[in-house]
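Enquirer: quick check, what structure comes out for this input:
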Amino acid sequence: MGRFRTLSARFFRRPAEEVAPELLGRFVVRDLEEERLVLRIVEVEAYLGARDRASHAWQGRRTGRNKSLYEDGGVAYVYFIYGMHYCLNVVTGRSGNADAVLLRAAEPIAGAGTMLEHRRLSRSPRPGDLAGGPGKLCQALNIDRDFDGSPLTRGALRITEGEGATPEVIVTGPRIGIAYAGEAADWPLRFAIRGHRHVSRPLPWSK
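Expert: Purely as a prediction, here's the structure:
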């Protein structure tokens, strides 16, 4: 049962760039009424609050949409993008910092059949089809804005110990889809497990 031991609030109350690589290998656990869905995190991106032009909190911006970003680390920040997809972020740091880590991709561990139904896929998906992207991940777990601001240390959506990832298998690179962010677009804040087949998009990863 150790793999399903929920991470403490203290784990999340550090800078996003520290928490992000340590989330690799952890489990996202989503409890339904009659089933537990489990994904192992294999790819994440860190966002650094007001100083990060790619962040929803750039220059201290506060809106009804991003309110949960400013809470103490350990809660979910869920937003809707392109009028199509939900994205799940882990808020990190202390209240007011607005740091967060986007969960970009994950490997199915338990409940794949139900995830297939949520994703409206056939029974023979390719690697990455279930949760190999932030929108896919949320759809697979049936996550929407109702989870925005919810604690990730208890309840129906949690982050648990999982299996971890050793530093030597973690690789870094620039984040995806933020060309508008100036110099921040090149910051090496995307972290993944090297060569994992469920990563959302292969890149020439650096160490």
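
Enquirer: pLDDT weak spots in the protein?
Expert: Within the chain, the stretches with pLDDT under 70 are 1, 202-207.

Enquirer: you'd agree residue 11 is in a helix?
Expert: Yes - under DSSP: H, G, I helix; E, B strand; the rest coil, residue 11 sits within a helix.

Enquirer: contacting residues for it?
Expert: Counting by C-beta atoms under 8 Å, 6 or more residues apart in numbering, residue 11 touches 19, 22, 74. C-beta here means a position set from N, CA and C on the backbone, and glycine is covered the same way.

Enquirer: wait, which of these is closest to residue 170?
Expert: Nearest to residue 170 out of those is residue 22 (C-beta to C-beta; 9.1 Å).

Enquirer: so which strand or helix has the closest one?
Expert: Element membership for residue 22 (DSSP states H and E) is helix 16-23.

Enquirer: quick one: contacts of the helix or strand that comes right after that helix?
Expert: Sequence order places strand 27-31 as the next helix or strand after helix 16-23, per DSSP H and E. Outside of strand 27-31, the residues within contact range by C-beta under 8 Å, 6+ apart are 3-4, 36-41, 88, 103, 106, 109, 111, 137, 141-143, 156-163.

Enquirer: and the helix or strand that strand 27-31 is followed by with helix 16-23, angle?
Expert: Next along the chain after strand 27-31, taking DSSP H and E as the criterion, comes strand 36-48. Going by axes from the mean of the first three to the mean of the last three C-alpha atoms, to 10 degrees, strand 36-48 is angled at 150 degrees with respect to helix 16-23.

Enquirer: so what does strand 36-48 touch, helix or strand wise?
Expert: Contact partners of strand 36-48 among helices and strands, from 3 or more C-beta pairs under 8 Å, 6 or more residues apart in numbering; DSSP states H and E: helix 16-23, strand 27-31, strand 99-110, helix 134-141, strand 190-193.
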